[in-house]
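In: got a predicted structure here, sequence first:
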Amino acid sequence: MNICEINKENVQEIAEKLNKNDIEQLFNLIETKDRCVAFPVLSYRSRIESDVYPYWDKIAKMLGNENSFVKTIGLKLIANNTKWDKNKKLNINEYLKLCDDSSLVVSRACIQSLEEILNNTKFNSMIVESITKKLSTFDVQKRPETHKNVLKKDIDYIIKLIKNKK
C-alpha cells in the first residue's frame, strides 16, 4: 500500500485490500500529520472486517492523548470496532467520560459515536442504561455558549434513538 495513493475517492477500495502490514503501517501514521489519510481507511476497514479489532488496546490508548484529533480518531475507531467486540473490551463508562472533554470536537465525537455503539451492541441494556444515565445528567450549561446548542442537539438525538428502540 502506498499512502500517497489514498484519497477520498478510493478509501473503500484500499480498505478492502488491506493486509496486516498495511494496518500496522496505518496505525503508525495516526499520530502524524498523515492521520487524515490513515483514519478513513482504518474506519472503513473496521466496518467490513474484524482485523482492526486486535488493535483495540492501541486504539483505547488514543483516548488519553492530549491531541483532540487523535482522541477523536480513537473514539470513532472504538465505536466502529464494537461490532467485533466479542471479548467485551468496551468500557462504556470510561468511553462516556469523553463527553465531558473540554474540546467540542471530542465531546461531540463521543456523543455522536454512541449511535454506532448502540447499533453494534444491539442496544445492550447495560450500555443503554449507562448512556442514558450519562446523557440525562450531562449539563450543557457548563459549556461555552457556542457549544450548548450543538451538544444539546446531539444528546437529544441519542436519547430519542434509545426511546424509539424501547
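Out: Yep, that arrived.
In: state the distance from the residue nearest the centre of the chain to residue 19.
Out: The centre of the chain sits closest to residue 76, judged by C-alpha atoms, centre = their mean, with a distance of 1.6 Å. Using C-beta to C-beta, to the nearest Å, residue 76 is found at 22 Å from residue 19. The way it works is simple: take the backbone N, C-alpha and C, and place the C-beta from them, glycine included.
In: and residue 42, by the same measure?
Out: Taking C-beta to C-beta, one finds residue 42 at 13 Å from residue 19.
In: more crowded one of these two?
Out: More crowded of residue 42 and residue 19, by other C-beta atoms under 10 Å: residue 42, with 26 against 10.
In: next one: that one relative to residue 18, how far apart?
Out: 9 Å.
In: anything in contact with each of the two?
Out: residue 26 (C-beta atoms under 8 Å, 6 or more residues apart in numbering).
In: how far away from the center of its chain is stretch 149-158?
Out: Distance of stretch 149-158 from the chain centroid (C-alpha atoms, centre = their mean, to the nearest Å) equals 17 Å.
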